[in-house]
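Q: All I have is the shape, not the residue letters:
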């Protein structure tokens, strides 16, 4: 079962929308900014599928689309072999041979008129088109197979307390029966989650009881006992395809929950991560209902999942529905890439009328497609989002840290892209593409100050890039008044914040001096320096420089592998950098220029935190209090973000 085309002349905020699909489109993505109606479109498909007999009912939170004022039509294609009830039940009818296996539902409702018709395609006589369509619908309604599974975005997995009487009732249900499965497939996600846990408990009990009966009978009859067959084997195998480290191990009848093994650690369903619970549940629905030839509608497939897991999940989805069709309403670029440009449709709103009156195929918008890849998210929502590229790797958590530092609304997307050079490149590339397609885009970049001179800082500012007024983002958390607040909070207010930062920085004085020296223009002319020199520098703390500066510098140059003249040049550069460290050390701005990551780790321990993560969380909490002393440098960052 697949959809061939959708036309919405008028319904809710849609106006003159047309969608035409290739016959082989097994995966379809609907993308668009928030409020353009992606979820509404899935609900319309579900409502029409019910009218043509694919589902015995509908559960739609926003109400039945047929109750609204509307004018729309959807054409379904029922491939051979999808429904035995149709293929065998209608094969002897003359119209069956002429039928092109499509059903087109057309419905209009206005103040004065209301009409609904369903026609079977390929048949010449109009009356016969309608009568044969009704015969097909009747057969589909009698089908034992599940032809529609719709999962809304209201997917949360709270720990559920299942009462004893609910379990007893669940034991009485024939969960494997076609009639019960078909009658449950259209329920809301919240209801399916509640049922799913009971389904596992009941299946385990029923299959276990049946096996015991068969074993007793075999013993009594003196026959070969039956072999154990795992009724959840298919689910276990499917789960492992998407989450190789997670194995389903069974059911805990006492705690009334599901059990899993994650690389040797035994966990209940509620102890899994958010993404693991999401995948475990979604795969459970596909496994339970056995959807292979119908329509699978999934709202926000990226919910709770990271980008890599989305790719794996969508790839798995495409392998499950053989002759059916998967519809995804998504914000995920990974899902779009899996569907392909020809099966991805962008909903766009007319800013004057506020109506959604454009539904372009992505391959007809090549520049938008390129812009999507450059930004790292589908470009349909560019007008409503702010994109800020920052230094750092995703695993470090820079994105979440910046989001909290910025105090910006949810429409601000921070994206790590490695080095500062990559930040500059991405911003320049996206600006150029946006100018070409004449798309308004709010985009900026933030790079670390590192060891840049004042002149070097001003240059990136001319290219829409903000250079942090501190060495790196971690330095914000070394702000002395904030450190003082945390010391008081932890009962260590006798300690001096400036002294704590100075001591932590002094422990890495050699590392700072060496990196500062290597960042200067003069150092760029030096030949490659031996790794041993860097190691020697990193081993030196302030005590080894204080009073013995020449000796400490000579220890570094002696490991550089240079001739005497080059070593002397290096020595001069190091002396200048050492002087720069002394100036910072003797002033009150050392917290801005020291090595943020390394110093923060040491300072967190002295203040009394388990690590920098705990200190960062405590800092955010402190800054949220009334009259909090927020660093002026952080305010500068926030002011920049507001100007994007």
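A: Thanks, I have it. Because the structure is predicted, anything quoted here is derived from the model rather than measured. Numbering: from 1, shown residues only.
Q: Centre of the chain to the host helix or strand of residue 193, how far?
A: Per DSSP states H and E, residue 193 falls inside helix 189-221. In terms of Cα atoms, centre = their mean, to the nearest Å, the centre of helix 189-221 is found 35 Å from the chain centre.
Q: What residues of it count as buried?
A: 189-190, 192-193, 195-204, 206-207, 211 (16 or more other Cβ atoms under 10 Å). For every residue, glycine as well, the C-beta is placed using N, CA and C.
Q: quick one: the helix or strand following that helix to helix 189-221, angle?
A: Past helix 189-221, heading to the C-terminal end, the next element that is a helix or strand (DSSP H and E) is helix 233-242. Orientation check (axes from the mean of the first three to the mean of the last three Cα atoms, to 10 degrees): helix 233-242 against helix 189-221 gives 130 degrees.
Q: and after helix 233-242, which helix or strand comes next?
A: Assignment by DSSP H and E places the next element after helix 233-242 at strand 246-252.
Q: List the contacts of whatever helix or strand comes next after that following strand.
A: Per DSSP H and E, strand 246-252 leads on to strand 257-262 as the next helix or strand towards the C-terminus. Residues from elsewhere that reach strand 257-262, judged by Cβ atoms under 8 Å, 6 or more residues apart in numbering: 197, 200, 245-252, 266-270, 272, 276, 280.
Q: ok, strand 257-262: who's next to it in the sheet?
A: Here strand 257-262 is paired, per DSSP bridges, with strand 246-252 (antiparallel), strand 265-268 (antiparallel).
Q: and the first one, which residues are buried?
A: Within strand 246-252, the residues that qualify as buried by neighbour count (16+ other Cβ under 10 Å) are 246, 248, 251.
Q: gap between the second one and residue 262?
A: Going back to what we said before, that points to residue 248. Between residue 248 and residue 262 the computed distance is 11 Å (Cβ to Cβ, to the nearest Å).
Q: What of the last one?
A: Here the distance between residue 251 and residue 262 works out to 17 Å (Cβ to Cβ).
Q: that older thread, for the strands paired with strand 257-262, which one sits closest to residue 6?
A: Evaluated over those, closeness to residue 6 peaks at strand 246-252, with 37.0 Å, by Cβ to Cβ.
Q: what is the rounded mean pLDDT of that closest one?
A: Taken as a whole, strand 246-252 has a mean pLDDT of 89.
Q: what's the spacing between it and its chain's center?
A: Here strand 246-252 is found 25 Å from its chain centre; the criterion is Cα atoms, centre = their mean.
Q: now swap in stretch 565-582 and tell me
A: With Cα atoms, centre = their mean, you get 48 Å for stretch 565-582.
Q: Read off the pLDDT value for residue 437.
A: 61.
Q: Apologies, that question was intended for residue 42.
A: In this model, residue 42 is scored at 93, pLDDT.
Q: In terms of helices and strands, where is it?
A: Going by DSSP H and E, residue 42 is in helix 38-51.
Q: Now do that helix: which elements does it pack against?
A: When contacts are defined as 3 or more Cβ pairs under 8 Å, 6 or more residues apart in numbering; DSSP states H and E, helix 38-51 packs onto strand 2-11, strand 27-32, strand 70-77, strand 148-151, strand 295-299, strand 325-329.
Q: Looking at those strands, which is nearest to residue 256?
A: Here strand 148-151 is closest among the helices and strands packed on helix 38-51 (Cβ to Cβ), at 23.2 Å.
Q: Buried residues, that closest one. List them.
A: Buried positions in strand 148-151, judged by neighbour count with 16+ other Cβ under 10 Å: 148, 149, 150, 151.
Q: And for stretch 416-435?
A: Buried, per 16+ other Cβ under 10 Å, within stretch 416-435: 416, 417, 420, 423, 424, 426, 427, 430, 433, 434.
Q: My guess is residue 562 contacts residue 571. True?
A: No - counting by Cβ atoms under 8 Å, residue 571 is not a contact partner of residue 562; they are 9.6 Å apart.
Q: which regions of the stretch 51-200 of the chain lie under the pLDDT threshold?
A: Low-confidence segments of the stretch 51-200 of the chain (pLDDT under 70): 167, 175-180.
Q: And for the chain?
A: 167, 175-180, 366-385, 394-398, 408-411, 436-440, 459-463.
Q: How about residue 76: what's its closest non-neighbour residue?
A: residue 103 (4.8 Å; Cβ to Cβ, 6 or more residues apart in numbering).
Q: what does residue 320 give?
A: residue 286 (5.6 Å).
Q: Quickly find the element holding the one you found.
A: Per DSSP H and E, residue 286 falls inside helix 274-289.
Q: and that helix, what does it pack onto?
A: Using 3+ Cβ pairs under 8 Å, 6+ apart: helix 274-289 touches strand 148-151, helix 178-184, helix 189-221, helix 233-242, strand 246-252, strand 257-262, helix 307-320.
Q: what sits up against it?
A: By Cβ under 8 Å, 6+ apart, the list of residues contacting helix 274-289 reads 146, 149, 151, 155, 157, 181, 184-185, 192-193, 196, 199, 234-235, 238-239, 242-243, 246, 248, 258, 260, 262, 269-270, 272, 296, 298, 303-306, 309, 313, 316, 320.
Q: could you check the angle helix 233-242 makes with it?
A: Counting by the same axes, to 10 degrees, helix 274-289 lies at 140 degrees to helix 233-242.
Q: all strands of the stretch 51-200 of the chain, in order?
A: Taking DSSP state E, counting those that start in this stretch, the strands of the stretch 51-200 of the chain run over residues 70-77, 102-109, 114-120, 148-151.
Q: Highest average neighbour count across those: which stretch is it?
A: Burial of the strands of the stretch 51-200 of the chain is given as mean neighbour count (mean count of other Cβ atoms under 10 Å); strand 148-151 ranks first at a mean of 25.
Q: quick revisit: tell me how far the helix holding residue 286 lies from the chain's centre.
A: Here the centre of helix 274-289 is set off from its chain's centre by 16 Å, with Cα atoms, centre = their mean.
Q: Enumerate the positions of it that are buried.
A: Neighbour-count burial for helix 274-289, with 16+ other Cβ under 10 Å as criterion, is recorded at 275-289.
Q: between these, which is nearest residue 606?
A: Among the buried residues of helix 274-289, and counting by Cβ to Cβ, the member closest to residue 606 is residue 275, at 35.8 Å.
Q: in the stretch 401-550 of the chain, which spans are strands?
A: Here the stretch 401-550 of the chain has its strands, by DSSP E, counting those that start in this stretch, at 412-416, 442-447, 465-467.
Q: if you compare the ones you listed, which one is most tucked away?
A: Highest mean neighbour count among the strands of the stretch 401-550 of the chain (mean count of other Cβ under 10 Å): strand 442-447, a mean of 22.
Q: so that strand versus strand 412-416, what angle?
A: Using the same axes, to 10 degrees: strand 442-447 against strand 412-416 is 40 degrees.
Q: Right, I'll call it a day here.
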